[in-house]
Structures are given as structure tokens and as C-alpha cells.
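Visitor: Attaching a predicted model along with its sequence, questions to come.
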Amino acid sequence: MKSYLIKLILFVYIVFNVTLCNAQAEWPKSVTAADGTVINIYQPQAEVFAGNILKSRSAISILEKGSQEPVFGVFWSTATVETDRDKRYVTIETIKINNLKIPADSSTVEKNYIGTTLELYIPKVSGQLPLDEVLASLDQNKEETKLAGNISNRLPTVIYRSQRSMLVSIDGQPKLQKNKKWDLNVVVNSPFTIVQNKDGRFYLYGGGHWYAGPAATGPYTNTGDKVPHKMKKVARDLNKIAKKTDDMPTGEAPDYPVYDIIVSIKPAELIQSDGNPDLTPITGTSLLYVKNSDNDILVDTHTQHYYVLLSGRWYTSNALNENSQWQYVPSDQLPPDFAKIPEGSPKDDVLASVAGTEAAREAVMDAQVPQTAKIDRKAASIHVEYDGVQQFKPIEGTKMQYAVNTSSTVLLENDKYYAVDNGIWFIADNPMGPWAVSTTRPEEMDQIPPTCPVYNAKYVQVYEATPDYVYMGYTPGYLNSFVDGPTVVYGTGYNYEPWNSNYYYPRPWTWGFDMSYNPWSGWGFGAGYDYDWFDDGFGWGYGFGFGLGLGWGGWYGGGWWGGAGGYRPAYRNWHGGRFGSGSRGGYYGNTTINGDTHMHMRYNNNVYRSRQGVIPMARGNGRGFAGNNSGRGNNDVRGNNGVRGNNGIRSRGGNNIYSDRQGNIYQRGEQGQWQQRVNRSWSPVNAAANRGLEQQHQMNGRGAARTQNFQRASNFGGMRFGGGHFGGGGGHFSGGGGHGGGGHR
């Protein structure tokens, strides 16, 4: 009975939230003008989305007071918007009607009146536009794809194992520093907890187990319960901190010891299977996939070549073993069957990395969408620390320089110092400050090459400024997600030299953690790299040591990745559970639904969210008009989401009225037939036009489906059920402290 009640509550919770989200997205929206004219506004069709500017067109119907028949038209608009990538919605702040096309016999006065009414009320009634629906309606990518270039696809060392293994990365030769609390030396240039005992032996802690070795680089073996007394104290301290951290998953951790610890002081990737590869067909293709691996390993049966996806890049080999030689394959040169992988199949998550697929198109489009913020010029601040006297190096191809001995991103141009912190630009006359919120950024920012470790800063923009506020935003490039031709990749591919002196300041990394793309939460590392293998700053903390997933260059106190930023790690599982197209897990453990294992989704990818000086975005479903965001209630004219007596037009929660770029109006009937509005009546359209309109309708439906999938996943994500693949219990922290977030423990 108890189990039944829990399932019932869960079902009601999901239905309520999904229904609420659907209600917010219903079209058309209706407004009643002062003279009684009712205007139905149909779902906007985006034409350009760049920065905080959304240019779109939308069909409207106008029903004058006393009239029984509406007239239809189209308006083109330019809106300033705020974007929340966590919740995946766009909010219209202000809107300007650039052009309005309604029947020729309408007067200029009438057109001006309609335009003014729309500008006044659209921000009030539009509510939160689902981001995925906005992206689906865009025709093509025109803006930020040109920013990225010369991304490196050179693969580091690839290691294969057929048993549960762990790749432990150290950023160069191990650097030891004393942890006063533990009275032990700690390896500070690694995201893993590695400490040295008084007898000289090294101990690695992860997944609730201790591993011992003669050197920081190993080889390591499982110690069982036989560890020095000080190691037990270290483990207790780590677990105490983990339990106090709000972002830690809940639930008991399964016991999954690792059999092979591989230590690398250079960038490397580990791919593995749980036993000999279990090759399983992918329906509708000539491809097989390794079912008992969390990595994306596929086989083309025509050539017998293996393919592996690492950080969004494809590599191929004629064998899968410890001696395999892998070569890079561009995403548009994969075997044709890669693009035929069915959505909803066990390997549909790779479609975002296959050129020509809708998933790849959507990923590239998403890479151009900024997270925006309104910055209070008086409240926002930054503190920059240097390891000794500040040192700057030239940036190739520019006249700028960047500071190398700080965890912050500091640039010098024309005797002015610029700093980027949590997506906010600051400016000063001195490298030590005082710093003020900047209304500009360096002139040569877009010329920074990816060979420079501050490359990601070019993806932070300043849009506009007032005496009190500055409007800024960053696109996923700031979080290390870059457009590389027809797909997105993680990291620049370059190996940057860290700062390693009195303090250790890491630089962005591309390789080492099986980085995989999730259409909503961005990039995260694989299930093999469970959170309880990493120290606090690396995985989950705010200012302790590394800061993986929490940024580099001052974000939450610095960090390993330079751009994983707010994109929290998306842990995966052997079963590859998913919500709809391309959804590769989230993080925070698993939930089993209808026999399939799903990862919890948790979205807090916004680096502005906890940033001092950021004005919170407007929330909620619009800001209210005439009691219920409409002229007569229920978001419509007469309570039916459509115009009464409207020649058979019915829009019950959907959008069946479309416009094209020329301003022609079309409607789609319940049987899929299309008609065009001509001379105040509807006429059938020809077959060619029908195909184009149907494609537009399908893209709109795809965007709506993605929105619903995201909402379902988000709703499940709020209810935690515990454990990940390699164990669940709390994350672990290597020694506390942190000098400016950079590895001084």
C-alpha cells in the first residue's frame, strides 16, 4: 500500500507540473485593447536570436468590437529578452514592432494603434517562451558559429580496459603541499584525493575505498581496511564535509571497488567495458554498440572498424584492445548509418555529434544561446589575487596580454586591465584594482586563439548599459562548449601549462573524464568518474581546490576545467536511461521507471545564479493582464484558446496558425491539410508549399516535445533516490582551503 501511494504521489506530481508547463506554453495569447478590439497573438517564429535580441514574426487575428469575423495579419518584431538556460525559457522584456501587415483596406491609424497595443501588452502576456521551441523555429545558424575556429582534435593517449578501472589524472609531475589539519602532504595538482603518509607511501581515496602505492603515480592496490590511523581521520573528515554539502546526492552508496587504477601525468582517456565487449545491434542500422560499456563505442559491420566518441569528437580503430591505434574522423565523414540511429534507441545520445542530424543542429543552435543577466554596477565586485608580483604574457595574434599567476582571468589592453568573473566584465587602471563593472570589453577579444588558456573569455558579451545597470551574457563557449563545424565539442583540445609555484593554478582541460553532451545540461563526465572520487573543489565545492564543473578563472574560486563552469557533471549509467530524444542522464543517482534506469536531472548551470550584484530575472508566467493574461480569461477570447466563430479555426492549446517571411498566413487543419488566408477567406495551398509548411510544423512539434521531455526530466530530478553507478555516497574533499580557488590546500 505504501509503495502504491508513493507511486501515485509521484504520478500526480509529474502530471501537475507537466500540465502547468504546457499551460504556460499555450498559444494563442489574447489581449483586449482599450476600444474593445481583441487581438490573438500566435506563437512567435524566430528569425534571428543573437545575444539578448530576438527577432521574430508572428501571426495575429484581430476581432474588432461588434464584428463577427476576424482579420488576420503578421507583425515583425525585435525584442530584448532574458534567457534562463537552467529552466530553458526566454522572457520578453521589451518589444518593438518593426512592421505590421494586415489587410490593405486597414487605415494607417488602425495599424499604428494595433502596433502600439502589441508593444504594450506582449511582454505582459507572453509569459516564458520555451527555449527549445524558439530554437526549433530558427531557419539556420548565422551568428556565433564563426567565433570558434582552429579547435584541436588531436587525441591524447587512449587506454582500454575490460574490467572496472579508474583513470587518475595529475596535471604534470605531482606537486606536494602540507595540509596542516591532517599533518600530511597532499598532491594539489590533481582532482583526486592523494595524500602521503609519514612512511612515504601514498594513499588514494575514492568510492569509499583506500588504495596504496609507493609513489603518487602508483601503482595502486586496494588496501581493504588496513590503512594508517591518519587515513581513517582523513576519510572521516571528507565524509563529514560531504554530508554538510547541500549539492551532494543522498542515499547509501553501493560498494563498487575498482580493480585497476591508472595514473597519468599527461592528458589521457580511459575507455572500458565490464568484461569482454558485448556487441549489440542498433535497430535499423548496420551498427553495433558495446552494451556493457558506459563509453560510446560503436562498430560499423561493413568495415569492422570501431568508433569511439570522446569530448564530442569521433575516433576510429580497426581493433578494440590495449594496443588500439585511434585516428580522428570528422563528424561529417562518419559511415552513413550513424545518422540513421533511431531516436529513443540506446545510443541516440551520440546523434548530437553526428553531422546532419536534427540533434546536431539543435546542439549547434543551443551553443549560440546566451545566459543573460542584469548587473548592478554598485553591488557587483571582484577580488583578484596573484602568486607574487603579477606577470603577464602576450596573446598571439593580438596586442593584448593575460595574467598567468592568478586563478582569475585578467587581460591587459591599451593600459587598461579587464577581468572576467562569473560571466561579468570588470575594468581597472591597475592590475590590483579597484575594479568596476565594465560597460565594454577589450577591442580584440574576438581575435583570441584557442591556443590561449583564456580563450573562453571571448564568449562573455556586454550588450548595453545604463547609469545603474549593465546587461551581459555568456554563451556555452564560456563553459568550454564550442562549435566545431556541424557539431559541438568539449574543450579546445589544447594542453595548457598550469601555473605551478607557491600556489597551483590549473588551466582548462579537454581530456580525461569521458565528457559527453546532454541536450539540456551541457557537458558532464561519465559514470566511471563518480562524484565521490573527486575532492570538494573539483566536483562540487565552492572555492576549495580545483573547482571542476564550477569553472576556472575565478568562477567559484577557480578550477580545473576553464569552462565546465556551471554545467554540472552529468553522470551516466550502464543502462543509458533517458527521457526522450538524446537525453543522456543528468546527475544525482538513478530512478527506475518502467524498467528503465534514468539519471536524476538537476539544472543549476547558471554561473550568475549565486553571484553578488546580479539582479534576479523576472519569473512566472507573464506579469499579469486583465486577471489571467488575456482579455477574457484562459489565455483566449472566449475560453477556448481561439477566436469564437473563427471559420473553423481551433487552437486548443496548440498553434495551428503560421506565417512565412513574406507575411502570408496559413492554417493547418486537424487532418494535416494546409490553407492560405487570401482576401479574408481560406484557400488550399499547392503541394510544394504544403511540404514546406509541414516541415515547419514538424520542427515546431519537435521543439514542443523537447520542452516536455526537459520538464519531465526536471520534475524527476527534484526527487532524489540515491546512488550512481560506481557508488553513491558523498563527494570527497581534498584538504579544504584553497588560495583564490587554485589548489593550495
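Guide: Thanks, I have it. Residues are numbered from 1 along each chain as shown.

Visitor: got the contact list for the helix or strand harbouring Leu309?
Guide: Assessed by DSSP states H and E, Leu309 sits inside strand 305-310. With contact meaning Cβ atoms under 8 Å, 6 or more residues apart in numbering, strand 305-310 is reached by 155, 158, 269, 271, 295-300, 314-320, 324, 326, 329, 334, 338, 350, 353, 511, 514-516. All C-beta spots, glycine's among them, are computed from the backbone N, C-alpha and C.

Visitor: Kindly recompute the last result at 6 Å.
Guide: 269, 271, 296-299, 314-318, 320, 350, 353 (Cβ atoms under 6 Å, 6 or more residues apart in numbering).

Visitor: Against which helices or strands is the helix or strand following that strand packed?
Guide: Going down the chain from strand 305-310, the next helix or strand is strand 313-317, by DSSP H and E. Where contact means 3 or more Cβ pairs under 6 Å, 6 or more residues apart in numbering; DSSP states H and E, strand 313-317 is packed against strand 305-310, strand 327-329.

Visitor: Turn those into TSV, columns for mean pLDDT.
Guide: Converted to TSV, the helices and strands packed on strand 313-317 look like this (pLDDT from 0 to 100):
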stretch	mean pLDDT
strand 305-310	97
strand 327-329	97
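
Visitor: Would you tell me which of those strands gets closest to Leu238?
Guide: Closest to Leu238 of those is strand 305-310 (Cβ to Cβ; 29.7 Å).

Visitor: mind listing what that closest one pairs with, with the direction of each?
Guide: strand 296-300 (antiparallel), strand 313-317 (antiparallel) (DSSP bridges).

Visitor: model confidence over the first one, on average?
Guide: The average pLDDT within strand 296-300 is 97.

Visitor: same thing with stretch 424-439?
Guide: pLDDT averaged over stretch 424-439 gives 96.

Visitor: outside of that stretch, which residues touch it?
Guide: Against stretch 424-439 from outside (Cβ under 6 Å, 6+ apart): 375, 377, 380, 382, 390, 417-419, 441, 462, 465, 470.

Visitor: Regarding that stretch, how distant is the last residue from the first?
Guide: 10 Å (Cα to Cα, to the nearest Å).

Visitor: what helix or strand is the closest residue to Leu138 other than its chain neighbours on?
Guide: The shortest distance from Leu138 to any residue other than its chain neighbours is 5.0 Å, reached at Ala46 (Cβ to Cβ, 6 or more residues apart in numbering). In the assignment (DSSP H and E), Ala46 maps to strand 45-50.

Visitor: Verify the stated contact: Ile159 with Leu270.
Guide: Yes - Ile159 is within contact range of Leu270, at 5.0 Å (criterion: Cβ atoms under 6 Å).

Visitor: who's more crowded, those two?
Guide: Leu270 (25 against 17; other Cβ atoms under 10 Å).

Visitor: Shouldn't the more buried one be within a strand?
Guide: Yes - using DSSP: H, G, I helix; E, B strand; the rest coil, the assignment for Leu270 is a strand.

Visitor: Shouldn't Asn239 be within a helix?
Guide: Yes - with three-state DSSP as the criterion, Asn239 is located in a helix.

Visitor: burial count for it?
Guide: Neighbour count for Asn239, taken as other Cβ under 10 Å: 17.

Visitor: CA-only coordinates of stretch 264-283, as PDB, when you get a sec.
Guide: Listed next in PDB are the C-alpha coordinates belonging to stretch 264-283 (Å, rounded to 0.1, in the frame of the first residue of the first chain):
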ATOM      1  CA  SER A 264      48.500   9.700 -15.900                       C
ATOM      2  CA  ILE A 265      50.500  12.900 -15.600                       C
ATOM      3  CA  LYS A 266      49.600  13.800 -19.200                       C
ATOM      4  CA  PRO A 267      46.100  14.100 -20.800                       C
ATOM      5  CA  ALA A 268      44.600  10.700 -21.500                       C
ATOM      6  CA  GLU A 269      41.300   9.000 -22.000                       C
ATOM      7  CA  LEU A 270      40.100   5.700 -20.500                       C
ATOM      8  CA  ILE A 271      37.500   3.600 -22.300                       C
ATOM      9  CA  GLN A 272      36.400   0.300 -20.700                       C
ATOM     10  CA  SER A 273      33.900  -2.500 -20.800                       C
ATOM     11  CA  ASP A 274      32.600  -4.700 -18.000                       C
ATOM     12  CA  GLY A 275      34.200  -7.900 -19.300                       C
ATOM     13  CA  ASN A 276      34.700  -8.700 -23.000                       C
ATOM     14  CA  PRO A 277      32.800  -6.400 -25.300                       C
ATOM     15  CA  ASP A 278      29.100  -7.300 -25.700                       C
ATOM     16  CA  LEU A 279      28.300  -6.200 -29.200                       C
ATOM     17  CA  THR A 280      24.600  -5.500 -29.700                       C
ATOM     18  CA  PRO A 281      22.900  -4.300 -32.900                       C
ATOM     19  CA  ILE A 282      21.300  -0.900 -33.200                       C
ATOM     20  CA  THR A 283      17.900  -1.300 -34.900                       C
END
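
Visitor: all strands of the stretch 251-400 of the chain, in order?
Guide: All strands of the stretch 251-400 of the chain, identified by DSSP state E, counting those that start in this stretch, fall at 260-264, 268-272, 279-281, 287-290, 296-300, 305-310, 313-317, 327-329, 371-376, 392-394.

Visitor: Distance to Gly206 added to the ones you listed, as TSV?
Guide: Compiled in TSV, the strands of the stretch 251-400 of the chain are given as follows (distance: least, Cβ to Cβ, whole Å):
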stretch	distance to Gly206
strand 260-264	9
strand 268-272	14
strand 279-281	30
strand 287-290	24
strand 296-300	24
strand 305-310	22
strand 313-317	27
strand 327-329	31
strand 371-376	32
strand 392-394	35
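
Visitor: Pro103: which of those strands is closest?
Guide: It's strand 371-376; of the strands of the stretch 251-400 of the chain, that one is closest to Pro103 (Cβ to Cβ) at 37.3 Å.

Visitor: Pull the residues that contact that closest one.
Guide: Strand 371-376 is contacted from outside by 52, 82-83, 85, 424, 437, 469-474, 606, 608, 613-615, using Cβ under 6 Å, 6+ apart.

Visitor: can you pull the buried residues of it?
Guide: For strand 371-376, the neighbour count (16 or more other Cβ atoms under 10 Å) marks 371-375 as buried.

Visitor: Give me the spatial nearest neighbour of Ala268, chain neighbours excluded.
Guide: Per Cβ to Cβ, 6+ apart, closest to Ala268 is Thr157, 4.3 Å.

Visitor: picking up where we left off before, can you tell which of the strands of the stretch 251-400 of the chain is closest to Asn656?
Guide: Among these, the nearest to Asn656 by Cβ to Cβ is strand 371-376 (31.2 Å).

Visitor: so what strands line up beside that closest one?
Guide: Strand 371-376 has the following sheet partners, assigned by DSSP bridges: strand 469-474 (antiparallel), strand 614-615 (antiparallel).

Visitor: tell me the most buried of the ones you listed?
Guide: With neighbours taken as mean count of other Cβ atoms under 10 Å, those reach their highest mean count in strand 469-474, at a mean of 23.

Visitor: With only the CA atoms kept, save that one in PDB.
Guide: This file holds the C-alpha atoms of strand 469-474, laid out as PDB (Å, rounded to 0.1, in the frame of the first residue of the first chain):
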ATOM      1  CA  TYR A 469      23.000  48.500 -14.600                       C
ATOM      2  CA  VAL A 470      24.900  46.700 -17.300                       C
ATOM      3  CA  TYR A 471      23.300  43.900 -19.300                       C
ATOM      4  CA  MET A 472      25.700  41.000 -20.000                       C
ATOM      5  CA  GLY A 473      25.600  37.400 -21.100                       C
ATOM      6  CA  TYR A 474      27.700  34.400 -21.900                       C
END
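
Visitor: where does the stretch 251-400 of the chain dip in pLDDT?
Guide: For the stretch 251-400 of the chain, the stretches flagged by pLDDT under 70 are 251-257.
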